[in-house]
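Enquirer: What shape does this take:
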Amino acid sequence: MTSVRVRFAPSPSGNLHLGNARTALFNWLFAKSNNGKFILRIEDTDSERSSEKHSQALMDILEWLDLKPDESPRYGGAYKPYKQSERNHIYSEIIKKMILEKKAFWSPAEMGKVKRFDNEWRDANLSKEEAEKIGPSALRFKSAKADRVEINDLLKGKIKVNTKQIGDFVISRNDMKPLYNFACVIDDHSMNISHVIRGEDHLTNTAKQIQLYKTLGWKIPQFIHLPLVMGPDGSPLSKRHGDVSVEKFKEQGFLPESIINALAMLGWGPGDDKEIFSKEEISKLFEIKKLNISPSKFFPKKLNWFNGQHIRKLSKEKLQAIISKKLEENNIKAKREAIFDLIDVTQERLRSLNDIVPMIGFFFKRPEIKKTKENLKNFDSDSLKRLQKLMKEIETINEWTVKGIETKLESWRLEQNYQPKQIWQPLRIAISGGKVSPPIFETLYFLEKKETITRIQNII
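Expert: Here you go, the predicted structure:
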């Protein structure tokens, strides 16, 4: 079998879309499951939309997802450079060769005006200078007029595209800088790419590229076109569904393991009902034949579920390190041992890493009194009166254990004929400043009696 070499080739014009992240993941999984290489190539020929800042951000977010490439602009490799903007000398030589062999032609026809075949100029053999005297010129590939391009897709089977649907497409502007399809073919060939795995929205591009491979006499790689990722409404996942970039989900407190797991399940399945996997587990099970040929829908709520599951799977040591970092970022100091103790009562309740500060931070930093009073007032105008009574009962507790606190306070609540929400939610707000905390009796236990009473006194 040919050595597997796959590439993820994004344009650095913005954040990494979830659909593109899935493409990167499936390329990585295919490479690793076949002892192959995963290459990152930056397609930045569009200088107006591309930037170095976005190039670096793309490499950073892939590493955060733990999809580190074997070859890339950052780490180099035998086929460098890995940025298209640094490969113009390679493209220009092949452009000259195609013009000389009359496989491409300069056309002064306005871009966008030629419907299919440029019959007026395709056999005129104009030089670049002659074409420019007539009008703004572009270099077009001389496409076969009566032919069908056959795509042997490893997922979808044979797909035939009539060249009449393609026509004489532009491969270079008059500045000799190549357009996408031309540069892509040259790069895939020169980097010895064995399999091209990308979205099915590239099918027309694939048909164009196969023509270029044949014309240049190069070996055609294997193609795998992935079904698109859809939003909950069944339309392609896009900005209309909100910010669906990996960077945004990172900001919202999602683990990279959760995103990887969720993306893998958008089009792949192990063949049973199991849904929670590590990246390494998926790579051992991953096969192209297990991919779906139909589009998959992305549901944010499902990603939330994956995140909760993966947070629960974290070791106490790893979660403690994450919690410590989150607290430090919010200027909250906490001892390692205290965080370890709290993990037992918080890990099961965390759905996002952004839940950490509101659920744990108040143990180490008292909430703002003014804001706490506002929250209590918004909850119930009689909360303060009930808390005054409750504080007197708390002062009488001798056995400060979770069981002792629960027994004493639950008995008191029933005697007072209060509903749980009437008393426990105001108490939670009083000691934490908000509506989120671990179970109330565990919270009181860890906060300790003196601190509990002090916080209630501060707001009544």
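Enquirer: how about the strands in the stretch 201-350 of the chain?
Expert: Using DSSP state E, counting those that start in this stretch, the strands found in the stretch 201-350 of the chain span residues 222-226, 229-230, 296-297.
Enquirer: by contact count, what packs against the last one?
Expert: Helices and strands touching strand 296-297, by 3 or more Cβ pairs under 8 Å, 6 or more residues apart in numbering; DSSP states H and E, are strand 229-230. Where you see a C-beta, it was placed from the backbone N, CA and C, and this is true even at glycine.
Enquirer: what's the answer for the second one, then?
Expert: Applying 3+ Cβ pairs under 8 Å, 6+ apart, one finds that strand 229-230 makes contact with helix 18-33, strand 296-297.
Enquirer: so which of these comes closest to Asn205?
Expert: Among the helices and strands packed on strand 229-230, helix 18-33 comes nearest to Asn205, with 13.8 Å by Cβ to Cβ.
Enquirer: Quick one: name whatever helix or strand follows that closest one.
Expert: Remark: after helix 18-33, the chain's next helix or strand is strand 37-40, criterion DSSP states H and E.
Enquirer: CA atoms only: put that following strand into PDB for me.
Expert: What follows is strand 37-40, C-alpha atoms only, in PDB (Å, rounded to 0.1, in the frame of the first residue of the first chain):
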ATOM      1  CA  LYS A  37       1.600  11.500   8.000                       C
ATOM      2  CA  PHE A  38      -0.700  14.500   8.800                       C
ATOM      3  CA  ILE A  39       0.400  17.700   7.000                       C
ATOM      4  CA  LEU A  40      -0.800  21.200   7.600                       C
END
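Enquirer: Let the chain start at 55 from now.
Expert: Done: numbering now begins at 55, and the last item shifts to strand 91-94.
Enquirer: and it, how far out from the chain's middle?
Expert: Computed by Cα atoms, centre = their mean, to the nearest Å, the separation of strand 91-94 from the middle of its chain amounts to 18 Å.
Enquirer: Report all helices and strands that it contacts.
Expert: Applying 3+ Cβ pairs under 8 Å, 6+ apart, one finds that strand 91-94 contacts strand 59-62, helix 72-87, helix 106-118.
Enquirer: after the last one, next one along is what?
Expert: Taking DSSP H and E as the definition, the helix or strand that follows helix 106-118 towards the C-terminus is helix 142-154.
Enquirer: tell me which strands and helices that next one is in contact with?
Expert: Packed next to helix 142-154, using 3+ Cβ pairs under 8 Å, 6+ apart, are strand 158-161, strand 192-195, strand 224-227, helix 234-244, helix 257-270.
Enquirer: list the buried ones in the fourth one?
Expert: Read that as helix 234-244. Within helix 234-244, the residues that count as buried by 16 or more other Cβ atoms under 10 Å are 234-243.
Enquirer: Same list, these, but as a markdown table with distance to Arg170 and pLDDT please.
Expert: Shown next, in a markdown table, are these (distance: Cβ to Cβ, whole Å; pLDDT from 0 to 100):
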| residue | distance to Arg170 | pLDDT |
| --- | --- | --- |
| Tyr234 | 19 | 94 |
| Asn235 | 16 | 95 |
| Phe236 | 18 | 97 |
| Ala237 | 22 | 96 |
| Cys238 | 21 | 97 |
| Val239 | 20 | 98 |
| Ile240 | 24 | 98 |
| Asp241 | 27 | 98 |
| Asp242 | 25 | 98 |
| His243 | 26 | 98 |
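Enquirer: And the helices and strands packed on helix 142-154: which comes nearest Lys380?
Expert: That would be helix 234-244 among the helices and strands packed on helix 142-154, by Cβ to Cβ, at 41.1 Å.
Enquirer: Save the helices and strands packed on helix 142-154 as a markdown table, and put in distance to Leu209 too.
Expert: What follows is these, written out as a markdown table (distance: least, Cβ to Cβ, whole Å):
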| stretch | distance to Leu209 |
| --- | --- |
| strand 158-161 | 32 |
| strand 192-195 | 27 |
| strand 224-227 | 27 |
| helix 234-244 | 18 |
| helix 257-270 | 12 |
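Enquirer: what about those, which gets the closest to Lys379?
Expert: Among the helices and strands packed on helix 142-154, helix 234-244 sits nearest to Lys379 (Cβ to Cβ), with 39.0 Å.
Enquirer: Give me the angle between the closest one and helix 142-154.
Expert: Interaxial angle of helix 234-244 relative to helix 142-154 (axes from the mean of the first three to the mean of the last three Cα atoms, to 10 degrees): 110 degrees.
Enquirer: For helix 234-244, give me every contacting residue.
Expert: Under the criterion Cβ atoms under 8 Å, 6 or more residues apart in numbering, residues 61, 63, 95, 97, 99, 133, 138, 141, 144-145, 148-149, 195, 223, 225-226, 232, 247, 250, 259, 262-263, 266-267, 270, 272-273, 275 lie in contact with helix 234-244.
Enquirer: So what's the gap between stretch 129-141 and the chain middle?
Expert: 24 Å.
Enquirer: Could you export it as PDB, CA atoms only?
Expert: Extracted in PDB, the C-alpha atoms of stretch 129-141 (Å, rounded to 0.1, in the frame of the first residue of the first chain):
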ATOM      1  CA  TYR A 129       7.600  22.600  12.400                       C
ATOM      2  CA  GLY A 130       8.900  22.300   8.800                       C
ATOM      3  CA  GLY A 131       9.400  19.000   6.900                       C
ATOM      4  CA  ALA A 132      10.900  17.500   3.800                       C
ATOM      5  CA  TYR A 133       8.400  19.200   1.500                       C
ATOM      6  CA  LYS A 134       8.700  22.800   2.800                       C
ATOM      7  CA  PRO A 135       7.700  25.500   2.400                       C
ATOM      8  CA  TYR A 136       4.100  24.800   3.700                       C
ATOM      9  CA  LYS A 137       2.700  28.200   2.900                       C
ATOM     10  CA  GLN A 138       1.400  28.800  -0.600                       C
ATOM     11  CA  SER A 139       2.600  32.400  -0.500                       C
ATOM     12  CA  GLU A 140       6.100  31.100  -0.200                       C
ATOM     13  CA  ARG A 141       5.800  28.700  -3.200                       C
END
